[in-house]
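K.L.:
predicted model follows, preceded by the sequence.
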Amino acid sequence: VFVFYLFVSGLMPVAQQPVYCASKHGIIGFTRSAAMAANLMDSGVRLNAICPGFVNTPILKSIEKEENMGQYIEYTDHIKDMMKYYGILDPSMIANGLITLIEDDTLNGAIMKITTSKGIHFQDYDTTPFHTKAQ
């Protein structure tokens, strides 16, 4: 089981970090496509992504440092406002999500979202005729 850990910026735009956001969108597409290929090849490999909101870890404090934020340091207050609005998750919620993905073989290709408002849930996508067994 391969699980990619992304921020919800893989699913929504983030004006303060466009390059970071674009890379996360790419990982979502890679995860879903590789999971579909693994299903078609019946390889037994599973790929998923976890996309949490803000998580209570030391990285949250990195927004205060210009060397981390570069030209986007001016948006620090906006990011803090987003943290207040969306809330901050306890790391144990992400651990619980990871356990769910590891234990449930049917979730290959699933993109798990973890937010303070909805808890653990999954991103919905339209399926294709070839998108068997994956979300």
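P.N.:
On my side now, so go ahead.

K.L.:
contact partners for Asn68?
P.N.:
Going by C-beta atoms under 8 Å, 6 or more residues apart in numbering, Asn68 touches Ser62. Just so you know, the C-beta spots here come from the backbone N, C-alpha and C atoms, and that holds for glycine as well.

K.L.:
check which helix or strand it maps to.
P.N.:
Using DSSP states H and E, Asn68 sits in helix 66-69.

K.L.:
chain center to that helix: distance?
P.N.:
Put simply, helix 66-69 sits 22 Å off its chain's centre (C-alpha atoms, centre = their mean, to the nearest Å).

K.L.:
name the next helix or strand downstream of whichever strand or helix holds Gly29, please.
P.N.:
Assigning secondary structure by DSSP H and E places Gly29 in helix 18-40. Using DSSP H and E, the next helix or strand after helix 18-40 towards the C-terminus is strand 47-52.

K.L.:
helices or strands next to that following strand in the packing?
P.N.:
strand 2-5, helix 18-40, helix 91-103, strand 111-115 (3 or more C-beta pairs under 8 Å, 6 or more residues apart in numbering; DSSP states H and E).

K.L.:
could you list every helix and strand in contact with the last one?
P.N.:
Looking back up the chat, that one is strand 111-115. By 3+ C-beta pairs under 8 Å, 6+ apart, strand 111-115 packs against helix 18-40, strand 47-52, helix 91-103, strand 119-122.

K.L.:
same deal with the third one?
P.N.:
Counting contacts by 3+ C-beta pairs under 8 Å, 6+ apart, helix 91-103 is packed against strand 2-5, strand 47-52, strand 111-115, strand 119-122.

K.L.:
again, only using 10 Å
P.N.:
Taking 3 or more C-beta pairs under 10 Å, 6 or more residues apart in numbering; DSSP states H and E as contact, the helices and strands that helix 91-103 lies on are strand 2-5, strand 47-52, strand 54-55, strand 111-115, strand 119-122.

K.L.:
who touches Val14 in this structure?
P.N.:
By C-beta atoms under 10 Å, 6 or more residues apart in numbering, Val14 lies in contact with Phe7, Val8, Tyr20, Cys21, Ala22, Lys24, Tyr72, Tyr75, Ile79, Met82.
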